[in-house]
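Undergrad: fold the following and give me the result.
(one chain, ligands or ions: 2)
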Amino acid sequence: MDTRLSIAVQKSGRLSEKSLDLIRSCGIEFNADSRALKASAADFPLDFLFVRDDDIPQYVADGVADIGIVGRNELDESGIELDIVRDLRFAACRLSIAVPNGYPYSGIGSLEGKRIATSYPRILSTILKENGVSAQVVVVSGSVEITVEVGIADAIADLVSTGTTLKMNGLEEAECIYRSSAVMIARSDMDDGKRAVLSRLLERIDAVMNARHKKYILFNLPEEKLPLAAAAIGGMKSPTVTPLMDKGWLSVQSAVDEDRFWSVFEELKKLGAEGILVMNIEKMTE
Ligand code: ATP
Ligand code: ZN
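TA: Ligands and ions are numbered 1, 2, ... in the order given. Here you go, the predicted structure:
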C-alpha cells in the first residue's frame, strides 16, 4: 500500500476553514462532513483527523497524526517540542496585556505583585520571568476578559486580533507580549515515505502561499522606458518583454508583490504605461 500521511486539523473554530481552504487550494479533494472525525483525500495520500486545537500538538507528538495545523500559541503553551515546518501566516493574533481603563501601565514591570488572568500560563510565565517580574498568574480556560470585573484579577493576558472584545469589557490593550499565527507542525521521526509525501504537500502549499501574496501585471510601455519600469517592478526575475507591432512599444509582464502593488502601479503610469492589466495568480513556484 502507498504511504499515506495523516494531518490533524481543528474540527471547528478559527483555524478550521482556512486550514481546509489551504489544502483544497493545493488541489487536494476530500469530503469534510462537519460531524465526521476523519476524512481521506482521494487524489493525494492524505488522511484527516478533525479534533480540538488544544489536542493537536499531543496527537502529533504521540503519532496519532503525522502533521497538524495549529496556532503557534497552542504549540508553545503545550510545551511539546515539535518541528514547525511552515508558518502558514493565517489566524494571526497577539497575546496582549490588557488592563482596566485608567490603569497606570508603563511597561510589564507595572505588573509586579499583581494578579494576571490568562489561558496561556506557560507563555505568560516565561515572559514575566524573562522580564524579572513576579506576579500571580491566575489560570482560566475561557472568558478571560471578565476576570477583572469580577475581582479575581488586576490585569489579563489574552489573545487579541482586533481589540473590540476588550473594549466591550472596559479593558484596554496595554502591550503586545507575543505574536502567533497558524503553523504546520510535524513529528521529527517520520519515515522516508511519509517525509516524501510531506515534501510534495509543502511544495504545493508554498506555491499557493507565494501566489497569494503576488499579482500578475501586464502592460504596454514605450521602449525607452523599459529599464526604469524593470527597476520599479523589482521582483524575482527580469520581466517578460514582447515587441508590439506598433514600433517603439513593448508589452511587458511580471509578477509583483501585493504589498508593493499600488506603488508599482503608480510608478508605471508615470512612465507612460498603458493598458495595465492586473491578474490574480492561482499557483506560483519561485
Ligand atoms: P477548540 O474548540 O478547537 O479548542 P478554541 O476555542 O480553543 O477551539 P479558537 O477560538 O477557534 O480556539 O482559536 C483557535 C486559534 O485561533 C487560537 O489558538 C489562535 O491561534 C487563533 N486566533 C486568531 N485570532 C484569535 C482571537 N482573536 N482570539 C483567540 N484566538 C485567535
Ligand atoms: Zn482550544
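Undergrad: straight-line length of stretch 229-241, end to end?
TA: By C-alpha to C-alpha, to the nearest Å, the extent of stretch 229-241 from end to end equals 11 Å.
Undergrad: hang on, I meant stretch 243-250
TA: From the first residue to the last, stretch 243-250 extends over 5 Å; the measure is C-alpha to C-alpha.
Undergrad: which SS state does Val137 fall under?
TA: When the structure is split into helix, strand and coil by DSSP: H, G, I helix; E, B strand; the rest coil, Val137 lands in strand.
Undergrad: residues near it, how many?
TA: For Val137, the count of nearby residues is 16 (other C-beta atoms under 10 Å). Glycine gets a C-beta too; all of them are placed from N, C-alpha and C.
Undergrad: what sits against the closest residue to it other than its chain neighbours?
TA: Excluding its sequence neighbours, the residue lying closest to Val137 (C-beta to C-beta, 6 or more residues apart in numbering) is Pro121, at 5.0 Å. Taking C-beta atoms under 8 Å, 6 or more residues apart in numbering as the contact definition, Pro121 lies against Glu77, Val137, Val139.
Undergrad: and the strands in the stretch 101-250 of the chain?
TA: 115-118, 136-139, 155-160, 171-180, 182-186, 214-222, 240-243, 249-257 (DSSP state E, counting those that start in this stretch).
Undergrad: can you put those strands in CSV and add mean pLDDT and distance to ligand 2?
TA: Rendered in CSV, the data for those read as follows (pLDDT from 0 to 100; distance: least, C-beta to the ion, whole Å):
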stretch, mean pLDDT, distance to ligand 2
strand 115-118, 98, 14
strand 136-139, 98, 14
strand 155-160, 97, 11
strand 171-180, 96, 13
strand 182-186, 98, 13
strand 214-222, 95, 33
strand 240-243, 95, 47
strand 249-257, 94, 34
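Undergrad: I figured Ile276 was touching Lys215, is that so?
TA: No. Contact between Ile276 and Lys215 fails when scored by C-beta atoms under 8 Å: they sit 10.8 Å apart.
Undergrad: tell me which of the two has more neighbours.
TA: Taking other C-beta under 10 Å, Ile276 and Lys215 do not tie; Lys215 has more neighbours (18 against 15).
Undergrad: among the strands of the stretch 101-250 of the chain, which comes closest to Asp2?
TA: Taking C-beta to C-beta as the criterion, Asp2 comes closest to strand 182-186 out of the strands of the stretch 101-250 of the chain, the separation being 19.0 Å.
Undergrad: next, the angle strand 182-186 makes with the helix or strand in which Gly68 is found.
TA: Take DSSP states H and E as the rule and Gly68 turns out to sit in strand 67-71. Inter-element angle recorded for strand 67-71 and strand 182-186: 150 degrees (by axes from the mean of the first three to the mean of the last three C-alpha atoms, to 10 degrees).
Undergrad: hey, what's Gln10 bridged with?
TA: Per DSSP bridges, residues listed as beta-bridge partners of Gln10: Val51.
Undergrad: in contact with it, which residues?
TA: Ser16, Ser19, Phe50, Val51, Arg52, Asp53, Ile56, Ile69, Val70 are the contacts of Gln10 under C-beta under 8 Å, 6+ apart.
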